[in-house]
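Asker: model this:
(chains A and B)
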2 protein chains.
Amino acid sequence: MELQKSPLAPASFPDMPTVDGVQLSTRACGIKYQGRTDVLLMAFDEGSTIGGVLTKSLTRSAPVECCQQHLKFGQVRAIVVNSGNANAFTGRLGSESVSRTVEATATELGCTKESVFIASTGVIGEPLPDERLTSALGDLKSDLSPDSWKAAAEAIMTTDTFAKGATVTTQIDGKTVTINGIAKGSGMIAPDMATMLSFVATDAALSSAAVQSLISLGSDLSFNAITVDSDTSTSDTVLLCATGKAGNSIYQDINAPELADFVSALNGLLKDLAHQVVRDGEGASKFVSISVSGAESDTAARKIGLAIANSPLVKTAVAGEDANWGRVVMAVGKSGEYADRDKLSIAMGGVTIAKDGQRVDGFDEGPVAEHMKGQDIEISVDVGVGSGNATVWTCDLTHGYIEINADYRS
Amino acid sequence: MELQKSPLAPASFPDMPTVDGVQLSTRACGIKYQGRTDVLLMAFDEGSTIGGVLTKSLTRSAPVECCQQHLKFGQVRAIVVNSGNANAFTGRLGSESVSRTVEATATELGCTKESVFIASTGVIGEPLPDERLTSALGDLKSDLSPDSWKAAAEAIMTTDTFAKGATVTTQIDGKTVTINGIAKGSGMIAPDMATMLSFVATDAALSSAAVQSLISLGSDLSFNAITVDSDTSTSDTVLLCATGKAGNSIYQDINAPELADFVSALNGLLKDLAHQVVRDGEGASKFVSISVSGAESDTAARKIGLAIANSPLVKTAVAGEDANWGRVVMAVGKSGEYADRDKLSIAMGGVTIAKDGQRVDGFDEGPVAEHMKGQDIEISVDVGVGSGNATVWTCDLTHGYIEINADYRS
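Answerer: Numbers count the residues shown, from 1 in each chain, chains lettered A, B, ... in the order given. Reported below is the predicted structural model:
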């Protein structure tokens, strides 16, 4: 099946600068795909720190378990990623394959095993032919270059219709700091299941503890606030690495005022990457922002937002350009979070449709109907019981989703 | 939009006998639909008891709130149902409309207000023109007849493609007892949201407490074990009424051996009605039974089952006749319930595909592929950690769902 580029894709891949202390190389190892790069090696200079956020799935893959173990040490020298085979639900064979890859990489780069991280995406339940990968490590090492960010973003794609990258420059202590990130999104290809992966690197100097806190908090506002179809991959992995080459002072407290610009730049970059994942959601024709306010807590607001974002009835209404606020009410009700039906208000495209639990008197559907025809849809809900708020992002549910996930058979 | 009859519909509506003490009448009141019956009055002889299960939605409708209040009294003389307008999210106007309908019905039938129950289904957020209904109560009363079950099933339909009914005869104390039930399903019609309603009546003699326990337990195994698209209506209502005309002794304990046949017959009827709702799911082309075993508890098993049944990726795989067990693994993982990845086994159509956390060696896809082409699909999962089990039912996710919910605009 030839997938067409998403209509919501950014105009072009950004110009990515180098990040001091980071090198990348890619290679076509024929793990599943023929004639395209499917392995990425990211190498980091000594002293680099790492933090990460992994899928909460209880059937997580062997590579995810490896990352979980190695994150405890907080040091990184290499990330090895393959696309085409997720090495998930592969039992003992899967763990052995990860061990062999870790060991071969550590030997090749002369680093500890605990500083090697593995991520895999692609078919589930098939043993990973890891020798195709490990036998290429020598070549991957010699090809390492600080400039290969676009190639890296392409090598980790599965059914993504465009490569996803973002870059930002900011300052800590007056030192210029760069952050680069790549991601791959939630495309599925029968009988496989794809995955959300993202790798972000900066030359800032940050302790392992700070890197972990930053990526945990940042993911909450980005990768953990998006949904395409409510399905959670067994392999989702987000890693943030910091090489320290920028030479700024290290702050243990991520709330230190000196880090404020950096945190804001990082969170902006994570949100950008997360939005790109949604914009490449299967069959997506509209990008939907859902803001919830007036909830009992921020957590409750996010749960309500995700209930709306995951509702097939809301998503099909958006696809149909239908300002169907009744379906939004329904989704609020099923979230399980406290809401006051008689204080609920709902707006779309900034126009209030319902207020105090009923439709606004003399509501004029015209401007809202116009908004629904656009590519960027905004839904705001106030549930009227507190001051918690959250924003989540999703795409619509279209025939394209059914085509990708039901019509095509391998 | 003309909806085609579901390919999963039963061959015909069953021959429904009368239930002593129950009379029905229907009428076209033009509440929204023109030229078709849209109001149902069910009348019960004095001494009838009632129990019910209502939507857990926190944005439930005014009629649901009325049922909730009146169920505390456990007595029933009338159920008034209208289709076309759900009277949901209508604020103060909605409650007033329900009060007027209750009062007019109580006056017309000469009964207490607490013995009148209301259910509404159809558009959300529009005030219900209840005078069209109340002004017809006189005619509805004079038309009451014990034979109108099929007409009743038709009057409560919204976008259902077939009328849903079931009947069963059993015995208590050697007395013959009849149970009749009707239901309407989850069809949606833009910009409205439809609802699951079911009304079941028996001539058995049962205390209010017993009726309530019976419908609570029975719904857990039927209406609360089905899902079409994970969306919960603001109006879901299931009521069970018992007239006592069969003259059996009253048993307070629903586990009394004398009630065993009745309970089994009732649960079978509820399951039949629930399955009919799924078989009329929007766009459904396949009926899917999902059995989960080996969970920590029956509750955990049901949660895992519903995670599988609600997964868009699993539902589209079924639509595509693809035995995609990787998506089942994913859904188990996201359920949040404990499972042992390395003990998980999955079967489709009775053929084991994966066992002990990996694909069965030399697995032959042939027989499973054949099974997936049928209309009735069976998925079994053992999660390998305990002895909890549950079965849930759903339908597949097809282009038909998108057509009904996105393509059509009112």
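
Asker: which residue sits closest to whichever residue of the stretch 101-250 of chain A sits closest to chain B in space, ignoring its chain neighbours?
Answerer: In the stretch 101-250 of chain A, the residue that lies nearest chain B is A:Ile124 (3.3 Å; C-beta to the nearest C-beta). Using the backbone N, CA and C atoms, a C-beta is placed for each residue, glycine as well. Leaving aside its chain neighbours, A:Ile124 sits nearest to B:Gly326 (3.3 Å; criterion: C-beta to C-beta, 6 or more residues apart in numbering or on different chains).

Asker: Same check on A:Arg341?
Answerer: Once flanking residues are discounted, A:Arg341 sits nearest to B:Thr59: 4.7 Å by C-beta to C-beta, 6+ apart.

Asker: Just to be sure, that neighbour is in a helix?
Answerer: No: counting by DSSP: H, G, I helix; E, B strand; the rest coil, B:Thr59 is not found in a helix; it is coil.

Asker: ok, it - contacts?
Answerer: Counting by C-beta atoms under 8 Å, 6 or more residues apart in numbering or on different chains, B:Thr59 makes contact with A:329-330, A:332-333, A:339, A:341, A:344, B:88-89, B:234.

Asker: same check, this time on A:Val39
Answerer: Taking C-beta under 8 Å, 6+ apart, we find A:Val39 in contact with A:26-29, A:31, A:80-83, A:133, A:136, A:140, A:155.

Asker: Can you turn the buried part of the residues you listed into a ChimeraX selection?
Answerer: Restricted to buried positions by 16 or more other C-beta atoms under 10 Å in any protein chain shown, the ChimeraX selection for those reads:
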select /A:26,27,29,31,80,81,82,83,133,136,140,155
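
Asker: So which of the contacts of A:Val39 sit within strands?
Answerer: Taking DSSP state E as the definition of strands, the contacts of A:Val39 contribute A:26-27, A:80-83.

Asker: low-confidence ranges in the stretch 101-250 of chain A?
Answerer: The stretch 101-250 of chain A contains residues with pLDDT under 70 at A:186-194, A:230.

Asker: one step back: could you save the contacts of B:Thr59 as a markdown table and add columns showing neighbour count and distance to B:Leu3?
Answerer: Shown next, in a markdown table, are the contacts of B:Thr59 (neighbours: other C-beta atoms under 10 Å in any protein chain shown; distance: C-beta to C-beta, whole Å):
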| residue | neighbour count | distance to B:Leu3 |
| --- | --- | --- |
| A:Val329 | 27 | 24 |
| A:Met330 | 30 | 21 |
| A:Val332 | 26 | 28 |
| A:Gly333 | 27 | 26 |
| A:Ala339 | 27 | 32 |
| A:Arg341 | 25 | 30 |
| A:Leu344 | 27 | 31 |
| B:Ala88 | 33 | 22 |
| B:Phe89 | 29 | 25 |
| B:Thr234 | 27 | 22 |
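
Asker: Taking those together, which two end up most distant?
Answerer: A:Ala339 and B:Ala88 (13.8 Å; C-beta to C-beta).

Asker: A:Phe287 is in contact with A:Ile377, isn't it?
Answerer: Yes: in this structure, A:Phe287 is within contact of A:Ile377 by C-beta atoms under 8 Å, at 7.1 Å.

Asker: Pretty sure the residue of the stretch 101-250 of chain A closest to chain B sits against A:Ala88.
Answerer: Yes: under the criterion of C-beta under 8 Å, A:Ile124 makes contact with A:Ala88 at 4.7 Å.

Asker: on that earlier part again, against B:Gln171, how distant is the residue nearest to A:Arg341?
Answerer: To B:Gln171, B:Thr59 is 43 Å away according to C-beta to C-beta, to the nearest Å.

Asker: so where's the stretch 301-410 of chain A shaky on pLDDT?
Answerer: For the stretch 301-410 of chain A (pLDDT under 70), the answer is A:407-410.

Asker: the strands in it, which residues?
Answerer: A:345-348, A:351-355, A:358-359, A:376-382, A:388-395 (DSSP state E, counting those that start in this stretch).

Asker: Buried ones in the second one, by neighbour count?
Answerer: Within strand A:351-355, the residues that count as buried by 16+ other C-beta under 10 Å are A:351, A:353-355.

Asker: List phi and psi for the closest residue in space to A:His371 that isn't next to it in sequence.
Answerer: Among residues not flanking A:His371 along the chain, A:Gly349 sits closest, at 2.8 Å (C-beta to C-beta, 6+ apart). Dihedral pair for A:Gly349: phi 60, psi 30, per degrees, to the nearest 10.
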